[in-house]
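Visitor: Got a sequence here, can you build the structure:
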Amino acid sequence: MTRLIFLGPPGAGKGTQAQILADICQLPHISTGAILRTAVGQQTELGKKAEHYMHAGELVPDQLMLGLIRERLLQADAQAGWILDGFPRNVPQAEFLDDLLSELAQPYDCVVNLEVPDEVLLVRLLSRGRKDDTEAVIRHRLQVYRQQTEPLIDFYRQRQQLISVDGNQIMEAVTAELTKLIQPDDIAGAS
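Guide: Next up is the predicted model:
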């Protein structure tokens, strides 16, 4: 079973790489954004609560996010493994997640941190062409990410659960490096 947590700044390619790896292993790519959209779309009890915060332009509280993640991890397709992307974002969330995974008897294999220099991230994010992605806005997002996530990276590094991967390579090279983290029997399509 493969269970990985993906970390990385905006533009590092973690969503893309998590999806590629999930496809290779035939496991769910669990992204917090997708969890929120699905719960809201299905109008689940937690989805309705999350929608209230989202419409008000506020962050969904940690406890509510954890409830949504719990719901998702209990679904049948997640029993054989998963790749979690976008959560946790800080140490308190990581501690909540550890408790949840222990309760569900779903320990993770490792935490993958995609490392990419800020100047490369800036170029990548500007090339997306989104109206709200100005250089100043992107630099601020990266600064906020670093402030929130540095303690999280240290948290996992101290527990010897962190594997850093150079995300400043061609996409295929990053995928090849990430594929080495998977146990051979986890690759569903292997022949």
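Visitor: other SSEs contacting the helix or strand where Asn113 lies?
Guide: Element membership for Asn113, per DSSP states H and E: strand 110-115. The contact analysis (3 or more C-beta pairs under 8 Å, 6 or more residues apart in numbering; DSSP states H and E) places strand 110-115 against strand 2-7, helix 14-25, helix 135-158, strand 162-166. Quick note: C-beta positions are derived from backbone N, CA and C, even for glycine.
Visitor: Centre of the chain to it, how far?
Guide: 10 Å (C-alpha atoms, centre = their mean, to the nearest Å).
Visitor: For Leu181, see how far away Ile163 is.
Guide: 7 Å (C-beta to C-beta, to the nearest Å).
Visitor: what's the answer for Gly11, then?
Guide: For Gly11 relative to Leu181 (C-beta to C-beta), the value is 22 Å.
Visitor: Neighbour count: the two, which is higher?
Guide: Regarding Gly11 and Leu181, a neighbour count based on other C-beta atoms under 10 Å identifies Gly11 as having more, with 24 against 15.
Visitor: Hmm, that one is touching Ser127, no?
Guide: No - applying C-beta atoms under 8 Å, one finds Gly11 not in contact with Ser127, separated by 9.3 Å.
Visitor: gap between Ala34 and Leu68?
Guide: Taking C-beta to C-beta, one finds Ala34 at 10 Å from Leu68.
Visitor: So these two - more neighbours on which side?
Guide: Neighbour count, other C-beta under 10 Å: between Ala34 and Leu68, Leu68 has more, with 23 against 15.
Visitor: That one reaches Lys49, doesn't it?
Guide: No - contact between Leu68 and Lys49 fails when scored by C-beta under 8 Å: they sit 9.2 Å apart.
Visitor: Could you tell me how far stretch 102-121 lies from the centre of the chain?
Guide: The answer for stretch 102-121 is 7 Å, by C-alpha atoms, centre = their mean.
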